[in-house]
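Student: When you get a sec, could you give me coordinates for this:
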Amino acid sequence: QVQLVESGGGLVQAGGSLRLSCAASGRTLRLYRMGWFRQAPGKEREFVARINISDGSTYYTDSVKGRFTISRDNVASTVYLQMNSMEPEDTAVYFCEADTTLAPFRHWGQGTQVTVSS
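Tutor: Model (predicted):
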C-alpha cells in the first residue's frame, strides 16, 4: 500500500499562485507515476497533470498548460504542483494520485481545497 498526504491548498485571488505538495509513504519503490486530479462542485473528477517517476516526463490537461508545473523529488517521494496565473475556474478539491506496479494499482490522497476568488 501507498499512503498519500496532500498539503498547500487554500484561498488565492485570481492571478495568484499556490503550490501543492503530495508526500508518498509505504511501498514507494513500486511507484512509477504520480499526478493531480481535481473535482469542482457538481462536476466529475478530472485529470490535471502527471509525472513519470523514472524520467520526469510530464503531461498536462490543456486548460493548465503554461500555468501549472508538476515536479518531483524522488528522494523525498514527493510531488509538487506549482499553480500560477490562477483563475476562478481552477477552484476545486485537488487530489493526489499515484500508480504502482503492484495491486492496488491506483492510490488517492484525501484531497485539498483550492479556492480562487475573482
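
Student: ranges for the helices of the protein?
Tutor: In the chain, no helices are found when defined by DSSP state H.

Student: okay, which residue is most central for this structure?
Tutor: Nearest residue to the geometric centre of the chain (C-alpha atoms, centre = their mean): W36, 2.7 Å.

Student: Give the buried residues for stretch 82-94.
Tutor: M83, M86, D90, T91, A92, V93, Y94 (16 or more other C-beta atoms under 10 Å). Heads up, the C-betas are built off the backbone N, CA and C, glycines and all.

Student: for stretch 30-45, same thing?
Tutor: For stretch 30-45, using 16+ other C-beta under 10 Å, the buried residues are L31, R33, M34, G35, W36, F37, R38.

Student: Quick one: mean pLDDT for stretch 77-85?
Tutor: When pLDDT is averaged over stretch 77-85, the result is 97.

Student: Pull the number of nearby residues for D62.
Tutor: 6 (other C-beta atoms under 10 Å).

Student: Report the separation between the residue nearest to F68 when sequence neighbours are not counted and S118.
Tutor: The shortest distance from F68 to any non-neighbouring residue, by C-beta to C-beta, 6 or more residues apart in numbering, is to M83 (5.1 Å). M83 sits 16 Å away from S118, going by C-beta to C-beta, to the nearest Å.

Student: Right, I'll call it a day here.
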